[in-house]
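Visitor: quick one, what's the 3D model for this:
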Amino acid sequence: ALLIGGEGFRQLAGLLLHRLSPPKMLPRMKPGCLGEGGVLVAVPTLLCSREQALSMARHLSVLRLANPEKKLSYLLLADFKDGPAAEEPGDSAITEEALAAVSALNEVWGGGFYYLHRAREWNEGEKRFMGRERKRGALEALNRALLTGEFPDPLAAQNIDPAELAGRFPSVITLDADTMMPPGAALKLAGALRHPLNRKIAVLQPRMEQSAASIHTRIARVFGGQGGFDPYLAAFADVYQNICGEGSFAGKGAYDVSRFYYGAQGKIRPNSVLSHDLLEGALTGSATVGDVAFFDSEPASLSGWARRLHRWTRGDWQLLPWLLPKVKGPQGWFKNPLSLLNRFKIMDNLRRSLVPAAGVALLVFGAAYGLPAAFLAGLILPHIREILLPSRQAARTALYHFILLPYEGARLLDAALRTLWRMLVSRRRLLEWTTSAQAERMRGDGIAAFWPNALAAGAMLAATWAHPLRFAAALSVAALWLCAPLAAKRLNAPEEAER
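Guide: Alright, predicted model coming up:
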């Protein structure tokens with residue numbers, strides 16, 4: 001009940017504070033006053049095929065077309081997919097294709113494109129060869145090269161000596177493989193990052209919006225961005241910035257290389273953090289830039305969405321030790337440097353991951369013991385935002401969310417328990433990662449995947465069998481939960497079919 005009540009309060013508080021708190025814009029330098037040093041746009045990614053290497057080269061070209069300023073350079077920072085050996089068949093074909101594609105970009109644009117591809121290293125915890133520390137390790141190695149000229153990880157391919165990067169780029173903009181950066185956004189972020197009044201800020205997080213090009217199925221429309229599950233908590237990010245003067249880093253944004261690298265250096269144990277963005281932003285100082293937007297794609301299937309949510313939740317629970325007064329780093333225990341606000345953000349993420357399972361439990365409990373208040377709380381409180389801001393889109397989102405509540409609750413509960421087991425017992429697979437493209441290919445939307453819905457519906461009907469009025473209410477809820485396979489089919493259908 002506390003979890004559900006807390007979710008209702010969070011949504012209500014978010015709506016009120018978002019409207020009552022005046023927006024605070026960070027001061028920024030004009031594009032012509034950025035001073036010495038360029039801005040490096042880095043795209044860390046896994047390259048699994050030659051086709052993907054070409055696709056990423058095209059992505060760099062699109063980014064350059066949108067932001068062609070001379071201050072900007074572009075880097076493809078690549079890793080191979082995990083494997084049982086340091087070198088796999090096909091690796092050389094991937095690197096050759098990437099080198100040729102980046103070389104072609106340099107010929108067309110007259111330079112400004114770079115390519116660094118890390119080799120696999122043995123990871124004892126994962127029992128496989130992989131890029132050290134995944135994305136966090138890649139950016140850490142890049143930052144060290146930008147500061148000192150030394151790239152600490154072995155490279156399988158490169159079109160530039162990392163030593164040549166030293167001192168050239170005091171600012172980096174990091175993007176995911178599917179993130180689009182609109183015209184002018186790069187220099188706006190760099191201008192804010194280099195303003196003298198923002199010296200204590202290491203990371204700038206722009207507003208994240210859904211890319212229209214990614215809306216191919218209904219799920220991208222229903223669950224994406226402000227109208228859906230809002231994975232980046234845009235409303236609360238603005239509230240944190242406007243009221244507390246601090247934002248939350250979501251992995252795509254700009255950072256000052258020196259402040260970012262030295263702010264997090266020596267604080268995070270190897271192989272212990274999967275979702276490093278929030279933690280690194282908290283350690284180094286982050287802010288939200290509400291008037292600059294990046295655009296991200298959304299999963300095209302329910303299984304892809306669920307796997308992404310599972311991965312995010314595992315990453316959230318790996319930050320559990322950072323709620324303690326002392327944390328263990330590479331050199332031993334030290335006093336937790338995180339502020340109370342940042343610890344609250346971590347704790348709130350953990351709470352939110354338990355809300356769907358708690359909602360199912362509250363509905364079953366309220367029906368079984370004849371507690372209308374508990375039953376109605378489970379129905380209404382998780383959807384306060386949709387109720388207070390009614391629209392067709394909000395109603396559709398709330399309905400699909402409720403139908404999939406047991407499915408979502410079981411997924412998130414599995415992620416939490418799985419992470420606790422790995423952290424406390426096995427100490428293995430803490431860096432388990434599936435790319436969005438791989439998740440889309442691993443379809444798992446069959447009827448068997450929705451066993452949590454059948455279990456929850458059966459429990460509710462069994463608990464109310466002897467009470468006709470309760471049974472009638474339980475039957476309506478159970479009927480909706482049993483429609484989950486049909487809901488999944490509709491969500492996975494092409495968006496054009498609805499128009």
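Visitor: report the helix or strand with the lowest average pLDDT across this structure.
Guide: Least confident helix or strand of the chain, by mean pLDDT, DSSP states H and E, is helix 234-239 with a mean of 56.
Visitor: mind listing the strands whichever helix or strand comes after it pairs with, and their directions?
Guide: Next in sequence after helix 234-239, counting helices and strands by DSSP states H and E, comes strand 253-256. Note on strand 253-256: by DSSP bridges, its sheet partners are strand 171-174 (antiparallel), strand 203-210 (antiparallel).
Visitor: can you flag the weakest of the ones you listed by average pLDDT?
Guide: Lowest mean pLDDT within the strands paired with strand 253-256: strand 203-210, at a mean of 92.
Visitor: CA atoms of that one as PDB?
Guide: Only the C-alpha atoms of strand 203-210 are listed here, as PDB (Å, rounded to 0.1, in the frame of the first residue of the first chain):
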ATOM      1  CA  VAL A 203      27.400  16.800 -17.300                       C
ATOM      2  CA  LEU A 204      24.500  18.400 -19.200                       C
ATOM      3  CA  GLN A 205      21.400  16.300 -19.900                       C
ATOM      4  CA  PRO A 206      19.200  17.600 -22.700                       C
ATOM      5  CA  ARG A 207      15.500  16.800 -22.900                       C
ATOM      6  CA  MET A 208      14.800  13.400 -24.400                       C
ATOM      7  CA  GLU A 209      12.000  13.100 -27.000                       C
ATOM      8  CA  GLN A 210      10.700  10.200 -29.100                       C
END
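Visitor: how far off centre is it?
Guide: Its chain's C-alpha centre and that of strand 203-210 lie 11 Å apart, by Cα atoms, centre = their mean, to the nearest Å.
Visitor: what's the answer for stretch 413-424, then?
Guide: Its chain's average C-alpha position is 19 Å from that of stretch 413-424, according to Cα atoms, centre = their mean.
Visitor: what about that stretch, average pLDDT?
Guide: On average, the pLDDT along stretch 413-424 is 97.
Visitor: and that stretch, what's buried?
Guide: Judged by neighbour count using 16 or more other Cβ atoms under 10 Å, the buried positions of stretch 413-424 are 413, 415-416, 418-419, 422-423. Glycine gets a C-beta too; all of them are placed from N, C-alpha and C.
Visitor: stretch 108-115: how far from the chain's middle?
Guide: Here stretch 108-115 is found 29 Å from its chain centre; the criterion is Cα atoms, centre = their mean.
Visitor: quick one, helices of the stretch 1-150 of the chain?
Guide: Counting by DSSP state H, counting those that start in this stretch, one finds helices in the stretch 1-150 of the chain at the ranges 2-20, 50-66, 91-109, 134-148.
Visitor: tell me which residues in the third one are buried?
Guide: What it means is helix 91-109. Buried positions in helix 91-109, judged by neighbour count with 16+ other Cβ under 10 Å: 91, 94-95, 97-99, 101-102, 105.
Visitor: out of these, which two sit at the greatest distance?
Guide: Farthest pair in the buried residues of helix 91-109 (Cβ to Cβ) is 91 and 105. Separation: 21.5 Å.
Visitor: turn the buried residues of stretch 413-424 into JSON lines, including distance to residue 257.
Guide: Shown next, in JSON lines, are the buried residues of stretch 413-424 (distance: Cβ to Cβ, whole Å):
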{"residue": "413", "distance to residue 257": "39"}
{"residue": "415", "distance to residue 257": "33"}
{"residue": "416", "distance to residue 257": "35"}
{"residue": "418", "distance to residue 257": "35"}
{"residue": "419", "distance to residue 257": "31"}
{"residue": "422", "distance to residue 257": "32"}
{"residue": "423", "distance to residue 257": "31"}
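Visitor: wait, residue 198 touches residue 286, no?
Guide: No. With contact defined as Cβ atoms under 8 Å, residue 198 and residue 286 do not form a contacting pair (11.1 Å).
Visitor: more neighbours: the two, which one.
Guide: For residue 198 versus residue 286, the count of surrounding residues by other Cβ atoms under 10 Å is larger for residue 286: 27 against 19.
Visitor: tell me the contacts of that one?
Guide: Shown in contact with residue 286 (Cβ atoms under 8 Å, 6 or more residues apart in numbering): 201-205, 246-249.
Visitor: looking at those, which is nearest residue 346?
Guide: residue 248 (10.3 Å).
Visitor: now that closest one: phi and psi?
Guide: Main-chain torsions, residue 248, degrees, to the nearest 10: phi -130, psi 130.
Visitor: gap between it and residue 282?
Guide: Residue 248 is 8 Å from residue 282, where distance means Cβ to Cβ, to the nearest Å.
Visitor: shared neighbours, these two?
Guide: Shared contacts of residue 248 and residue 282 (Cβ under 8 Å, 6+ apart): residue 345.
Visitor: where do the helices of the stretch 151-300 of the chain begin and end?
Guide: Listed in chain order, the helices of the stretch 151-300 of the chain (DSSP H, counting those that start in this stretch) span 185-193, 218-223, 234-239, 257-264, 277-284.
Visitor: now tabulate the contacts of residue 286 in TSV and tack on distance to residue 2 and neighbour count.
Guide: TSV is the format used below for the contacts of residue 286 (distance: Cβ to Cβ, whole Å; neighbours: other Cβ atoms under 10 Å):
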residue	distance to residue 2	neighbour count
201	35	23
202	35	26
203	32	28
204	35	27
205	30	27
246	26	19
247	27	26
248	24	23
249	29	27
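Visitor: nearest to residue 329, of the residues you listed?
Guide: Ranked by distance to residue 329 (Cβ to Cβ), the contacts of residue 286 are led by residue 202 at 18.3 Å.
Visitor: phi first, then psi, for the closest one.
Guide: Dihedral pair for residue 202: phi -100, psi -30, per degrees, to the nearest 10.
Visitor: is it in contact with residue 287, as I believe?
Guide: No. Residue 202 is not in contact with residue 287 according to Cβ under 8 Å; the separation is 9.2 Å.
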